[in-house]
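Novice: turn this into a model:
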Amino acid sequence: MSYNFFAMHGRMKYINRWALMRNSMSENLSEHSSDVAAIAHALCVLGNVRLKKSYNAERAAFLGLYHDMPEIITGDMPTPVKYHSEEMKKAYLAVEDMASENLLSMLPEDIRAYYESAFFKKEEDKELWKIVKAADKLSALIKCIEEQKAGNTEFSKALESTEKSIRAMELPEADMFLEEFIPAFYLSLDEQSSL
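Specialist: So this is what the prediction gives:
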């Protein structure tokens with residue numbers, strides 16, 4: 001029997017993000033998910049090393065990698081639309097749940113449970129989902145910085161509000177990432193690579 005899950009996963013590269021914004025460079029869902037996975041992993045490492053947490057960094061990367069996969073089916077719903085009202089939010093979440101069920105049905109039944117937690121949040125992953133949410137916001141912030149550097153003022157307000165929302169999370173690992181890693185995104189390649 002043949003299963004479609006990973007062929008569908010490969011379609012993440014066809015889903016562009018930031019649909020309501022004028023972009024100087026496009027960002028697809030695959031690129032974003034890769035960034036979220038890497039940042040989530042880094043946040044866990046920061047927490048484990050500096051704050052003596054016991055995060056499972058590899059699991060956080062796994063959750064980050066698949067966190068937006070339902071958008072292959074739903075598309076990337078712009079945040080202002082998704083959260084416009086409580087009814088809109090509930091409707092979108094119901095559609096997202098249906099998309100998740102559909103995607104999970106594309107896996108062999110004997111391994112489906114392993115992937116299910118990336119689509120439906122489990123209580124035991126509660127802390128990791130906070131990390132993934134912070135990583136998602138940090139990825140969005142990086143996109144805003146890149147657009148601003150390219151001279152696109154369309155992302156100025158999004159940059160401000162995204163950074164504010166990250167700080168409001170009061171997640172020390174995210175604050176460390178903001179202070180120690182985000183400044184480099186404002187630099188040129190020559191500045192980034194100089195020792």
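
Novice: distance check, Ser33 against Tyr115.
Specialist: 14 Å (Cβ to Cβ, to the nearest Å). C-beta here means a position set from N, CA and C on the backbone, and glycine is covered the same way.

Novice: which one of these two is surrounded by more residues?
Specialist: Neighbours were counted for Ser33 and for Tyr115 using other Cβ atoms under 10 Å; Ser33 has more, 22 against 18.

Novice: against which helices or strands is the host helix or strand of the more buried one packed?
Specialist: Per DSSP states H and E, Ser33 falls inside helix 29-50. Applying 3 or more Cβ pairs under 8 Å, 6 or more residues apart in numbering; DSSP states H and E, one finds that helix 29-50 contacts helix 57-66, helix 126-149, helix 172-180.

Novice: got JSON lines for those, with mean pLDDT and distance to Ala7 too?
Specialist: JSON lines is the format used below for the helices and strands packed on helix 29-50 (pLDDT from 0 to 100; distance: least, Cβ to Cβ, whole Å):
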{"stretch": "helix 57-66", "mean pLDDT": "98", "distance to Ala7": "15"}
{"stretch": "helix 126-149", "mean pLDDT": "98", "distance to Ala7": "24"}
{"stretch": "helix 172-180", "mean pLDDT": "98", "distance to Ala7": "33"}
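
Novice: dump those into TSV; add distance to Asn102 and mean neighbour count as well.
Specialist: Shown next, in TSV, are these (distance: least, Cβ to Cβ, whole Å; neighbours: other Cβ atoms under 10 Å):
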stretch	distance to Asn102	mean neighbour count
helix 57-66	14	21
helix 126-149	21	21
helix 172-180	32	17
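
Novice: same list (those helices) but as JSON lines, adding distance to Ala19.
Specialist: Below are those laid out as JSON lines (distance: least, Cβ to Cβ, whole Å):
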{"stretch": "helix 57-66", "distance to Ala19": "21"}
{"stretch": "helix 126-149", "distance to Ala19": "13"}
{"stretch": "helix 172-180", "distance to Ala19": "26"}
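
Novice: closest one to Glu101 among the ones you listed?
Specialist: Nearest to Glu101, of all the helices and strands packed on helix 29-50, is helix 57-66, at 14.2 Å by Cβ to Cβ.
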